[in-house]
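Visitor: okay, structure incoming, though there's no sequence with it:
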């Protein structure tokens, strides 16, 4: 998206299966306060992935269309990239209208696009009108009007005292799958365990959606995932970082660097910063999307460290055991180790995938979006691709929303789809 268009929009919008742990008791009701939902996590998190820790009814004023629904903010157990339990927040919304397609009501597991890392930026807070810096409420309207429940994760790192682990694939995929589990444990809720699941997201959310797809078979095999829709996907973070550095959208790179460090505090980072770098970390931790883009407009990563470190020099830095930052960034690359269920692949994907981007995409390099689709095709995954939307990055999210809803609706109804690889 063009930088001016982005700010105009702002103004107008004013891993592997985890062994079971000690289960945490689900709340007797949904009477938690907001403070309890977003409270800092305990030193040790117990329970199984998807366990509901707290919930409260919510009125989602930033979902337009006056769709009759019941909605809740939720706090739940998930798993981080190192296999440890963590706590994540999100939103569950169920339309009042009966599902008309027969069988249990399907659920869309949704990860929003980039919202920023400040605590006020959490999608669950923004949907409830507590802060307005997001742009996907109307996308959720389409799902709800189609009769789908929505389980929308905030992603890891929006509790008090935390920072969002932006672009950490396993964190995102686990949180997305676990909120579906959580949605079925809400006291008085109506979602059945056997309901089909669709996964959806765009940009950061698109990467999370594909991570959810890749992890589903091993991490949440009980979920009946029918299909995945992922757009604007930054499949290769190194290629994406190279394009972002020094440009209009360098704020996304700042979010990624701070988010990766939040997930890997053992790696060299804070001690490398000069005074400007120390301030930059504070700026990332306090701003949402548009504030971050404004603060980091044209910024170069070389300006924030004492030694003027380039991206390549940062990638070469080693942490415990000789692991480099480059190794950690490469772990986030999508389309590696994938295959159909019949393959001896690390990540088995047995359902159709829809990937898409805008023709005028200007933030994520076309090369990495196209390469991610090609990797899925080469691996034998049933993949449908569309890159003909006459839109740039942000507007593709809206322009493709109808196709995403229809794709998932067809998968929920069991209609066959022939990929176009």
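Guide: Ah, there it is. Bear in mind the structure is a predicted one, so any value in this text is a computation, not a measurement.
Visitor: please count neighbours and contacts with C-alpha atoms only from this point.
Guide: Noted.
Visitor: kindly report the domain assignment for the protein.
Guide: 3-236+350-412, 238-331 (automatic domain parsing).
Visitor: closest one to residue 337 among these?
Guide: Closest of these to residue 337 is domain 3-236+350-412, at 8.5 Å (criterion: CA to CA).
Visitor: what's the next secondary structure element after whichever strand or helix holds residue 327?
Guide: Here residue 327, judged by DSSP states H and E, is contained in helix 325-331. Once the chain leaves helix 325-331, the next helix or strand it forms, by DSSP H and E, is strand 338-339.
Visitor: can you name every helix or strand that that next one contacts?
Guide: Other elements packing on strand 338-339 under the criterion 3 or more CA pairs under 8 Å, 6 or more residues apart in numbering; DSSP states H and E are strand 347-348.
Visitor: please state the offset of the following helix or strand past the strand it packs on from the chain centre?
Guide: As assigned by DSSP H and E, the chain's next helix or strand after strand 347-348 is strand 353-358. With CA atoms, centre = their mean, to the nearest Å as the basis, strand 353-358 stands 16 Å off its chain's centre.
Visitor: can you check stretch 369-376 too?
Guide: Stretch 369-376 has its C-alpha centroid displaced from the chain centroid by 19 Å (CA atoms, centre = their mean).
Visitor: what's in contact with that stretch?
Guide: With CA atoms under 8 Å, 6 or more residues apart in numbering as the contact definition, stretch 369-376 has outside contacts at 232-235, 334-336, 338-339, 355, 357, 382-383, 385, 421.
Visitor: what count of nearby residues applies to residue 38?
Guide: Using other CA atoms under 10 Å, the number of residues around residue 38 comes to 24.
Visitor: pLDDT score for the residue nearest to it when sequence neighbours are not counted?
Guide: With sequence-adjacent residues excluded and distances taken as CA to CA, 6 or more residues apart in numbering, residue 38 is closest to residue 159, at 4.7 Å. pLDDT for residue 159: 98.
Visitor: secondary structure class for residue 159?
Guide: Here residue 159 is coil, with the state taken from DSSP: H, G, I helix; E, B strand; the rest coil.
Visitor: assess the claim that residue 211 and residue 177 are in contact.
Guide: No. Between residue 211 and residue 177 there is no contact under CA atoms under 8 Å: 9.7 Å.
Visitor: hang on, the earlier thing: which of the domains of the chain is buried the deepest?
Guide: Ranked by mean neighbour count under mean count of other CA atoms under 10 Å, the domains of the chain are led by domain 3-236+350-412, which reaches a mean of 21.
Visitor: quick one: end-to-end distance for stretch 49-61.
Guide: 29 Å (CA to CA, to the nearest Å).
Visitor: any idea of the mean pLDDT for that stretch?
Guide: Mean predicted lDDT for stretch 49-61 stands at 97.
Visitor: again with stretch 352-362
Guide: The model assigns stretch 352-362 a mean pLDDT of 97.
Visitor: any idea how far that stretch is from the chain center?
Guide: On CA atoms, centre = their mean, the centre of stretch 352-362 falls 16 Å from the chain's centre.
Visitor: identify the residues contacting that stretch?
Guide: Outside stretch 352-362, the residues that touch it by CA under 8 Å, 6+ apart are 1-2, 226-233, 369, 373, 381-393, 396, 404, 407, 417, 419.
Visitor: looking at these, which are in helices?
Guide: If you go by DSSP state H, the contacts of stretch 352-362 have 369, 373, 393, 396, 404, 407 in helices.
Visitor: for the stretch 201-350 of the chain, just list every one of the helices.
Guide: For the stretch 201-350 of the chain, applying DSSP state H, counting those that start in this stretch gives helices covering 204-219, 237-244, 250-263, 275-286, 289-295, 311-316, 325-331.
Visitor: so can I have a markdown table of the ones you listed showing mean pLDDT and distance to residue 134?
Guide: Shown next, in a markdown table, are the helices of the stretch 201-350 of the chain (pLDDT from 0 to 100; distance: least, CA to CA, whole Å):
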| stretch | mean pLDDT | distance to residue 134 |
| --- | --- | --- |
| helix 204-219 | 98 | 13 |
| helix 237-244 | 98 | 21 |
| helix 250-263 | 98 | 15 |
| helix 275-286 | 98 | 16 |
| helix 289-295 | 97 | 8 |
| helix 311-316 | 98 | 29 |
| helix 325-331 | 98 | 27 |
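Visitor: got JSON lines for these, with distance to residue 165 too?
Guide: Listed next are these as JSON lines, based on distance: least, CA to CA, whole Å:
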{"stretch": "helix 204-219", "distance to residue 165": "11"}
{"stretch": "helix 237-244", "distance to residue 165": "14"}
{"stretch": "helix 250-263", "distance to residue 165": "4"}
{"stretch": "helix 275-286", "distance to residue 165": "11"}
{"stretch": "helix 289-295", "distance to residue 165": "15"}
{"stretch": "helix 311-316", "distance to residue 165": "18"}
{"stretch": "helix 325-331", "distance to residue 165": "13"}
